[in-house]
Structure formats: structure tokens, C-alpha cells
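# Provide a 3D model corresponding to the input given below.
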Amino acid sequence: MTTSSPTLKRLSVTLHPFILCPDPDFRAPVLQNLSHLCIFGSSDNCHKWLWRGLDALKHLTHLALEIDTSTPPQAIYNLAPHFPPLLRVCLVIISIKKMSIREYLAEDKEIQQLVSGDTDRRVVVGTSETLETLGSIAASGPSHLIQMTQWEDILGNRTVWEEAEKIIRYRMRNSG
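Just a heads-up that it's a prediction; the model follows:
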């Protein structure tokens, strides 16, 4: 007797150092029906990942990835070419590690392009820091940052996903 393997629609995973997968492979049958995927605790290695099989997740529409201020922006540049065709939102959640988010965002042109949607319009940046503390970086309009207070449960937080989609619609309407 053959039983089909269970499939998940939503998955939130935290990759702690003791179980860290050096380069995850998203081709596992159990992942093939994912619509929402959130990956936390990936900052140390995600810039080295090859993102094998991510583009084959044909139902994936929402992706969240936590990085911290020590993660090189190359992590997102490596990820973007592997976005699945139906992906609507990639929420990059920036947490504090070696420097403040304000310093991290102000330090690098690539980070500023990421925040503004110039890297990919589907990438939206979220932070737990108040937008007032971010100054001019956050002042350039609704097409940029999301202030998040409770990002640990991003899958169940419909408001965060709606806000990210709103930012993406704004970018699409106002792009040249």
C-alpha cells in the first residue's frame, strides 16, 4: 500500500546554529504545495545558499526571510533570480546585530536599492525599529519600509502581508 506524502501550505522555520542546514534544498515533496514560507535565523549562511528548488515551488506566493545587520546584501541578490513565477511578496525582515538598522540602511547603496524596490519590486523590507528613528530613509513615502512589531508570527499576521502587497501595488502604479 502506498500513501501519499503530506504536503504543507504554510511553513515557518527557524534555523538555529545547532540544526543549521548549510544549503537547503526546496525540492522535497512535502514543500511542493507551499504558498507561504518564512525562514528565520538564516543570517549567518543565507548569502551562501544556492536556493536549489525554490523556483520550482509553483504555489509559493509569499516568502519571508529574516536577515540581520551583519548579513551582506548579496544574500538578497543571490535569492532574487530564484523567485518562483507566482511569488508576489518577498518580505525581508531586518533585525539588529552589529549595527543599528539606521546605520545598516544608510551605509550601503545596495541596501537602499533593496528598500526602495529597485532590486526587485516584490522585495519589501520590514523592521521592528520605529520609522521615526530611521529618519530620511523611511521618509520617502509608502513605497519603502514596513514597521513590524510582532514578526515572530509572520504567517498568522495577515496585516503585515497586506501592507507588503500594498507597497508593491504602489510601486507598480508609480514605476516608469
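
# my guess is residue 172 meets residue 121, correct?
Yes: with contact defined as Cβ atoms under 8 Å, residue 172 reaches residue 121; the gap is 6.5 Å. From N, CA and C alone the C-beta is placed, and that goes for glycine too.

# what helices or strands is the strand or helix carrying residue 169 leaning on?
Assessed by DSSP states H and E, residue 169 sits inside helix 158-174. Under the contact definition 3 or more Cβ pairs under 8 Å, 6 or more residues apart in numbering; DSSP states H and E, helix 158-174 sits against strand 89-95, strand 123-127, strand 145-147.

# quick one: which of residue 172 and residue 121 has more around it?
The residue with more neighbours, out of residue 172 and residue 121, is residue 121; 17 against 12, by other Cβ atoms under 10 Å.

# low-confidence ranges in the chain?
Across the chain, the stretches falling below the confidence threshold (pLDDT under 70) are 1-6, 15-22, 42-44, 130-143, 149-157, 176.

# residues of stretch 106-113 that come out buried?
For stretch 106-113, a neighbour-count test (16 or more other Cβ atoms under 10 Å) marks 111, 112, 113 as buried.

# from memory the second one sits against residue 104, does it?
Going back to what we said before, that points to residue 112. No: between residue 112 and residue 104 there is no contact, the gap being 10.4 Å when judged by Cβ under 8 Å.

# and of the helices and strands packed on helix 158-174, who's closest to residue 75?
Distances from residue 75 to each of the helices and strands packed on helix 158-174 were compared using Cβ to Cβ; the minimum, 8.7 Å, belongs to strand 89-95.

# Give the buried residues for the closest one.
89, 90, 91, 92, 93, 94, 95.

# Thank you, goodbye.
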